[in-house]
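Enquirer: I would like to see how this sequence folds:
(chains A and B, ligands or ions: 2)
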Amino acid sequence: MIFRIAIKDLKIVFRDKKALAIMLIMPAVIMFILGSALGPMFEGSNPIERFTVVVVNKDEGILSQVLIQDGFRKHGADMLNTFLESDEEKANEMLRSKKVSTIVIIPEGFTRKFFEGYDTNIRIKTQADRQYNASVIKSITEAFCRQFYLYWAAASSGVEVITEIINEESHSDENTKALIPDITTVMFDMQQKTGAADIEFYGEKDVESEDGNKKRETVSGMQYYSVAMLVMFVLFGASTGTKLMVEERQSNTLGRLLTTGVGKVKIITGKFLGLLFITFTQAMILIVFTRFVYGVDWGRSVLGVVTITLCIAFSGSGLGMMIGSMAKTSSAAEGLSQLFIQTFTVIGGGMMPLYMMPGFLRVLSRGTLNWWAANGYYDLMLGSNYTAILPCCGVLILMGVLYLGVGVARFRTQAS
Amino acid sequence: MAFIDIKNLCKSFGSKKAVDNVSLEIEEGEVFGLLGPNGAGKSTLISMLSTLIKPDAGEITVGVYDLSEKPSEIKKFFGLVPQEIALYPTLTAKENLFFWGRMYGLGGRLLKERVEEGLELAGLSDRAKDRIESFSGGMKRRINVAAALLHHPRAIIMDEPTVGIDPQSRNHILETVQRLNKEGMTVIYTSHYMEEVELLCTRIAIMDGGKVIAAGSKEELQKLVGETETINIRISNMSGKEKSLIEKIEGVESVTVGEDKITIAVKDADSVLASVISQFDALKCKIHSINIDETNLERVFLHLTGKALRD
Ligand SMILES: Nc1ncnc2c1ncn2[C@@H]1O[C@H](COP(=O)(O)OP(=O)(O)O)[C@@H](O)[C@H]1O
Ligand SMILES: [Mg+2]
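Expert: Ligands and ions are numbered 1, 2, ... in the order given. Got it, this is the predicted structure:
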């Protein structure tokens, strides 16, 4: 009976073409788009000529600082030499006189506007023959902004990156605009900036490999990025299950199920299994895709990857069911899901390098499934074998069971 | 002891007493009607009977089982047709029935048979492979009924199964109820449509404000209003003097005049009908039709509560 409920849910999901697209095709599509846009940045040996960029930072806030430090200086280190210049006129003059090929202007009040939900923009000026530079900076900036945009600005503010191409004669003629895409797309674009920073943190881990092989000490940006995406996607996938649960309640089929004598434990377990299948499949697709299309190294242990993936799918699905069990309406469910996903991602280290966070957050982050999942994957990526991830798996399963338990205990039978 | 015995049942939502000290006995094999306006507490009562919500106080016994002790045994007795359609819109009719059959613990050949039977009962065998979302309201309602019968329950509980549907589907459902009852099934039928309850039910409980204000057979309920009948006359060419003149006829209790019709409440229609007709004749009115209604439940309700069943 439990399986019948799971299968029924899968049928419903597979008929919902939109949900299906988001769950299974989107990760691949987003990976593809981002991979081609950001790919060069992840490849340290890329033969891109480094160029110099002059940044005029008129913003007084933290956001621009982080963009410059983490985005340009750290992450873009392979491609950029970043200099600061306080005088915009001087910077323009340098561009005109071809001393530099590219300047970036961060406007006044950039941070404030961003957090207050107003649109703001970053201006990139480049010489006509160096348009490639602009696109590199643009992709760094955009990926960076999108990420902040997701966590704080919700749906209200956007950052526009304007590139200007400067010819020797005319100072500005052509504007190419690239607007920030809508929020759903944005959700999937993330992590590229924090990659570099977090690698340091995770790189500190001492994991002894049993066969005595020397291990790489850090995971690459692309690896970090893929893991973060994966966990995020599992959480989004789990919210599908939340949605199904709320729908079950609202379409009155939950009431009918209860009158047939199928108890709430069976209902929750059945729906949970369906969800587990969905999130696991989704995660595996993402892993296989990144492995073969981008060559992301997920480590040597296939069994390990499958196991940890199953575990993250398990706890993610448990979380989804818990929210679904408690939420009255679909909007409440959505709100709760968002809250959980965002908090978990932020304090789980998926958003800001952990070393930048206050100490108590670093402790808290161990309460998130993100942290444990990410660590499991990093262990594997760094060459550990199956047994090394078992503690992480154990914690994830425990979390999942806990979520399910709360779900059963707080199960709402009625829509209103 | 009755098949279903409800004693002093209470349920409140906050300060709202949705079901207020209700006691009822329902015999096996009857069609029991629960009649009452929206908000009377019918669905709440039914939800408690089908173990969906827990009563605040009171007892329910079904067969030999006490509902608070053996809810799972009692669930097997019943098939519930919920007031709202409870089906998966993106699954087909057949898939829905298969799913619900399995939830009732059916499987294999029996399940297949029952699903076919259900589709037939709903008159939708030819639409078996269409999704529920493509169905009309009436078709959905029919499948909604069929889904509650798959496990051949001893009693079916129907909560306003005909709300908002076309006359054809409505008749279909009413006929289904009659047929099932003829085959021996107990039916608990909830409605705010007086006509349906009158047509189908052997015994009726009238609910209002969470309370059962009267219960019994139709005849018993009618006695509560007194032995009145209603003469409905469709008429044209009225002069305006009719009301006062008809009221003077002996045996007439009240007269209501509409645009082209007159409703006359009488003790005994046979004894006054002749004088009524001759009076209209004298006034040169043109009579189109006459029909005589025995007292209906609408009037019983009006009599008991001082308000109309439907606004
Ligand atoms: N879950 C609930 N929460 C709060 N009030 C409810 C709930 N269910 C029913 N009620 C209230 O109880 C009363 C009876 O409702 P209901 O049993 O649905 O009546 P009926 O089925 O006769 O229309 C109504 O006033 C309704 O608003
Ligand atoms: Mg109702």
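
Enquirer: from here on, contacts and neighbour counts on C-alpha atoms
Expert: Noted.

Enquirer: where exactly do the helices run in the stretch 151-300 of chain B?
Expert: B:167-182, B:194-200, B:218-225, B:242-248, B:269-282, B:297-305 (DSSP state H, counting those that start in this stretch).

Enquirer: what is the burial count for the closest residue to chain A within the stretch 151-300 of chain B?
Expert: Going by CA to the nearest CA, chain A is nearest to residue B:151 of the stretch 151-300 of chain B, at 9.5 Å. Neighbours of residue B:151 under the rule other CA atoms under 10 Å in any protein chain shown: 23.

Enquirer: how close does it sit to residue B:97?
Expert: As for residue B:151, its distance to residue B:97 is 11 Å (criterion: CA to CA, to the nearest Å).

Enquirer: where does the stretch 101-250 of chain B come near chain A, residue by residue?
Expert: Listed as neighbours of chain A in the stretch 101-250 of chain B under the rule CA under 8 Å from any CA of the partner chain: B:102, B:103, B:104, B:105.

Enquirer: tell me the buried residues within these.
Expert: By the neighbour-count criterion of 16 or more other CA atoms under 10 Å in any protein chain shown, these include these buried positions: B:102, B:103, B:104.

Enquirer: residues contacting the first one?
Expert: Residue B:102 makes contacts with A:1, A:4, B:111, as judged by CA atoms under 8 Å, 6 or more residues apart in numbering or on different chains.

Enquirer: what about the strands in the chain?
Expert: You didn't say which chain, so I picked chain A. Under the criterion DSSP state E, strands of chain A are mapped to A:51-57, A:80-84, A:102-106, A:120-127, A:159-166, A:174-178.

Enquirer: my bad, chain B
Expert: With strands called from DSSP E, chain B shows them at B:4-13, B:16-26, B:31-35, B:57-62, B:65-66, B:78-81, B:155-159, B:186-191, B:203-208, B:211-216, B:229-236, B:252-257, B:261-266, B:286-294.

Enquirer: gap between the residue of chain B found nearest chain A and residue B:75?
Expert: Proximity of chain B to chain A (CA to the nearest CA) peaks at residue B:86, 4.5 Å away. Between residue B:86 and residue B:75 the computed distance is 17 Å (CA to CA).

Enquirer: give me the below-cutoff pLDDT ranges for the stretch 101-250 of chain A.
Expert: In the predicted model, the stretch 101-250 of chain A carries pLDDT under 70 at residues A:115-117, A:131, A:143-222, A:225.

Enquirer: circling back: in terms of mean pLDDT, which of the helices of the stretch 151-300 of chain B ranks lowest?
Expert: Least confident of the helices of the stretch 151-300 of chain B, judged by mean pLDDT, is helix B:297-305 with a mean of 76.

Enquirer: need the contact list for residue B:73.
Expert: By CA under 8 Å, 6+ apart, the contact list for residue B:73 reads residue B:65.

Enquirer: separation between it and residue B:65?
Expert: 7 Å.

Enquirer: do residue B:266 as well
Expert: For residue B:266, the distance to residue B:65 - CA to CA - is 48 Å.

Enquirer: tell me which of the two has more neighbours.
Expert: Counted by other CA under 10 Å, residue B:266 and residue B:65 do not tie: residue B:266 has more neighbours, with 23 against 16.

Enquirer: please name the residues that touch the residue nearest to that one when sequence neighbours are not counted.
Expert: In space, and not counting its chain neighbours, residue B:266 is closest to residue B:252: 4.6 Å by CA to CA, 6 or more residues apart in numbering or on different chains. Applying CA under 8 Å, 6+ apart, we find residue B:252 in contact with B:246, B:264, B:265, B:266, B:267, B:272.

Enquirer: which residues of the stretch 201-350 of chain A lie near ligand 1?
Expert: Taking CA under 6 Å from any ligand atom, no part of the stretch 201-350 of chain A reaches ligand 1.

Enquirer: residues of the stretch 201-350 of chain A that sit close to chain B?
Expert: Residues of the stretch 201-350 of chain A lying near chain B (CA under 8 Å from any CA): A:251, A:252, A:253, A:255, A:256, A:257, A:258, A:259, A:260, A:261, A:262.

Enquirer: for the lowest-mean-pLDDT helix or strand in chain B, buried residues please.
Expert: Sorting the helices and strands of chain B by mean pLDDT, DSSP states H and E puts helix B:297-305 at the bottom, at a mean of 76. Neighbour counts over helix B:297-305 (16+ other CA under 10 Å) mark B:297, B:298, B:299, B:300, B:301, B:304 as buried.

Enquirer: ditto for stretch B:155-164
Expert: B:155, B:156, B:157, B:158, B:159, B:160, B:161, B:162, B:163.

Enquirer: excluding its backbone neighbours, what's nearest residue B:206?
Expert: Distance criterion CA to CA, 6+ apart; nearest residue to residue B:206, sequence neighbours excluded, is residue B:35 at 4.8 Å.

Enquirer: who's the one you found bridged to?
Expert: The partner list for residue B:35 in beta bridges (DSSP bridges) reads residue B:191, residue B:206.

Enquirer: would you turn the contacts of residue B:102 into TSV with pLDDT?
Expert: Compiled in TSV, these are given as follows (pLDDT from 0 to 100):
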residue	pLDDT
A:1	85
A:4	91
B:111	96
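
Enquirer: by neighbours, which of these wins?
Expert: residue B:111 (21 neighbours).

Enquirer: what about the residue lying closest to that residue once chain neighbours are set aside, neighbour count?
Expert: Counting by CA to CA, 6+ apart, residue B:101 is the residue found nearest to residue B:111 once chain neighbours are left out, at 6.3 Å. For residue B:101, the neighbour count with other CA under 10 Å is 23.

Enquirer: what's the answer for residue B:251, then?
Expert: Neighbourhood size, residue B:251 [other CA under 10 Å]: 15.

Enquirer: same thing with residue A:88?
Expert: Neighbour tally, residue A:88, other CA under 10 Å: 17.

Enquirer: so what's it closest to, chain neighbours aside?
Expert: That would be residue A:56: by CA to CA, 6+ apart, it lies 6.0 Å from residue A:88.

Enquirer: so what pairs up with the one you found in the strands?
Expert: Beta-bridge partners of residue A:56, as defined by DSSP bridges: residue A:105.

Enquirer: how much space separates it from residue A:64?
Expert: Plainly put, residue A:56 is 10 Å away from residue A:64 if you go by CA to CA.

Enquirer: what sits in contact with each of those two?
Expert: Looking at what touches both residue A:56 and residue A:64 (by CA under 8 Å, 6+ apart), the common residues are residue A:106.

Enquirer: residues in contact with residue B:212?
Expert: Applying CA under 8 Å, 6+ apart, we find residue B:212 in contact with B:22, B:23, B:205, B:206.

Enquirer: biggest separation within the residues you listed, which pair?
Expert: B:23 and B:206 (12.0 Å; CA to CA).
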